[in-house]
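Q: prediction below, plus the sequence it came from.
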Amino acid sequence: MSLERKPFSLVDLQAREVHYLRLSVTDRCNYRCTYCMPAEGVDVVPRAELLTFDEIEHLTRVFVGLGVRKVRMTGGEPMVRRGITDLVGQLARIPGLEDLAMTTNGHLLASLAEPLRAAGLARLNVSLDTLNPQRFAQIARRDGLADVLRGLDAARAAGFASIKLNTVVMRGVNDDELGQLADFAAEHGFVARFIESMPIGAGASLTPESFVSAADMRARLAQTHELAQDLLHGHPGGGPARYWLARPRSGGPVARIGFISAISERFCQLCNRVRLSSTGTLRECLSLAGELSLRDLLRAGASDEAIAAAIATALNTKVDGHRFDAAVATPDNMSAIGG
Ligand code: SAM
Ligand code: SF4
């Protein structure tokens, strides 16, 4: 493939430069988190419609040719896709791709951490909403806390460059655990991230009362921790998290905490990413369904230049801000989008 001439680049009409691709590798999941999927009745995509590993690699090369430098594999649960270690190996070998990461629920991490690291995965985000096993089973609708904790141990031993913990904070569910989760992260060398729930798919049926803003999270945490904004590294890489430091008043290591506040402090003007669904549809904004099928282009025999041109053109319709509050907002569950 040759993309030496670069007639297209990924800059949208708000002058936002895209260098980050979130790649959903499956819509299937072994959990049913309340904020992400309904308990039952989720239609999964027929396997023939999923991008194959070779198609994922091919499209990723086109994105890298357009200036993408970072890829995060997500899902659904990426570790339930059979052969995921092979896919990591394929992507890790793409010249020009500087950063390969994965977001996972951690359920299968204990056995996969070491092979994934060896295959070239550099960084991990692991979802962890609670340290209480009963609560975990209520939120994920499946027992799993012990497996996730074993997975985190294995990930530390495997030597990932960074491991972050993602917590979706819900009032009356886990908002009383922020201090404990921060301390757990600090003690193990993880970065904690507290996420505002977003009204996407099943997440839209959470009660409005369960929403906790990032400011409320900090107020809650301030009861037990001294907080200071991380002015040096407050917003690394142009990502959505704003980082703070939290020192337990009772003593102990300082936690680094990223707050992801898509609703109360929207960060769309800094958006640097696009998403590719497991079936190959480009999604320019998390909150809106995409229309361009890169899989169909690829399967119809389009050249890399034609695919690159289609991506660059689609970026012209990237909205200036999310549409969570509008009637056009996506009905998809987050499991079909990848977060
Ligand atoms: N299965 C993997 C996991 O859970 O980490 C990856 C996919 S999951 C859709 C990606 C991220 O989206 C997770 O950190 C999850 O907590 C987050 N997420 C899912 N639904 C959400 C919602 N309604 N609001 C905010 N975050 C959500
Ligand atoms: Fe599965 Fe992740 Fe969604 Fe939970 S958040 S149901 S683990 S895709």
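A: Everything's here; your move. Residues are numbered from 1 along each chain as shown. Ligands and ions are numbered 1, 2, ... in the order given.

Q: which stretches in the protein count as strands?
A: 20-24, 70-74, 99-104, 123-127, 162-169, 191-196, 225-229, 242-248, 255-260, 273-276, 282-283 (DSSP state E).

Q: for those strands, which one sits closest to ligand 2?
A: Closest to ligand 2 of these is strand 123-127 (C-beta to the nearest ligand atom; 5.9 Å). C-beta here means a position set from N, CA and C on the backbone, and glycine is covered the same way.

Q: now do that closest one and strand 162-169, the angle between them.
A: Computed by axes from the mean of the first three to the mean of the last three C-alpha atoms, to 10 degrees, the angle separating strand 123-127 from strand 162-169 equals 20 degrees.

Q: neighbouring strands of strand 123-127 in the sheet, and parallel or not?
A: strand 99-104 (parallel), strand 162-169 (parallel) (DSSP bridges).

Q: the first one near ligand 1 anywhere?
A: Yes: part of strand 99-104 sits close enough to ligand 1 to count as contact by C-beta under 6 Å from any ligand atom, namely 103-104.

Q: output that strand as PDB - backbone C-alpha positions only.
A: Taking C-alpha atoms only, strand 99-104 is exported to PDB below (Å, rounded to 0.1, in the frame of the first residue of the first chain):
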ATOM      1  CA  ASP A  99       0.700   4.000  20.800                       C
ATOM      2  CA  LEU A 100      -1.500   0.900  21.000                       C
ATOM      3  CA  ALA A 101      -3.900   0.600  24.000                       C
ATOM      4  CA  MET A 102      -6.900  -1.300  25.100                       C
ATOM      5  CA  THR A 103     -10.000  -0.700  27.200                       C
ATOM      6  CA  THR A 104     -11.200  -3.800  28.900                       C
END
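
Q: tell me the average confidence for that strand?
A: The average pLDDT within strand 99-104 is 98.

Q: same check on stretch 284-298?
A: 83.

Q: for it, buried residues please.
A: 284-288, 290, 292-295, 297-298 (16 or more other C-beta atoms under 10 Å).

Q: got these as a markdown table, with distance to Asp304 columns?
A: Formatted as a markdown table, the buried residues of stretch 284-298 follow (distance: C-beta to C-beta, whole Å):
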| residue | distance to Asp304 |
| --- | --- |
| Glu284 | 20 |
| Cys285 | 25 |
| Leu286 | 26 |
| Ser287 | 29 |
| Leu288 | 26 |
| Gly290 | 20 |
| Leu292 | 15 |
| Ser293 | 16 |
| Leu294 | 11 |
| Arg295 | 14 |
| Leu297 | 10 |
| Leu298 | 9 |
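
Q: so which of the residues you listed comes closest to Ala228?
A: Leu286 (29.6 Å; C-beta to C-beta).

Q: surely the closest one touches Ile200?
A: Yes: judged on C-beta atoms under 8 Å, Leu286 makes contact with Ile200 at a distance of 7.5 Å.

Q: what's the overlap in contacts for those two?
A: Ile337 (C-beta atoms under 8 Å, 6 or more residues apart in numbering).

Q: and the residue sitting furthest away from the middle of the chain, how far from Gly179?
A: Ranked by distance from the centre of the chain (C-alpha atoms, centre = their mean), the top residue is Ser250, with 32.8 Å. Between Ser250 and Gly179 the computed distance is 10 Å (C-beta to C-beta, to the nearest Å).

Q: residues in contact with both of these two, list them for me.
A: Thr224.

Q: near ligand 1, which residues of the stretch 201-339 of the chain are found?
A: 203, 334-335, 338-339.

Q: for Leu221, which non-adjacent residue is closest in space?
A: Leaving aside its sequence neighbours, Leu221 sits nearest to Leu178 (C-beta to C-beta, 6 or more residues apart in numbering; 4.9 Å).

Q: ok, Val191 touching Ile260?
A: No: with contact defined as C-beta under 8 Å, Val191 and Ile260 do not form a contacting pair (12.0 Å).

Q: what about the two, which has more around it?
A: Ranked by neighbour count (other C-beta atoms under 10 Å), Val191 and Ile260 place Ile260 first, with 22 against 18.

Q: beta partners for the more buried one?
A: Ile195.
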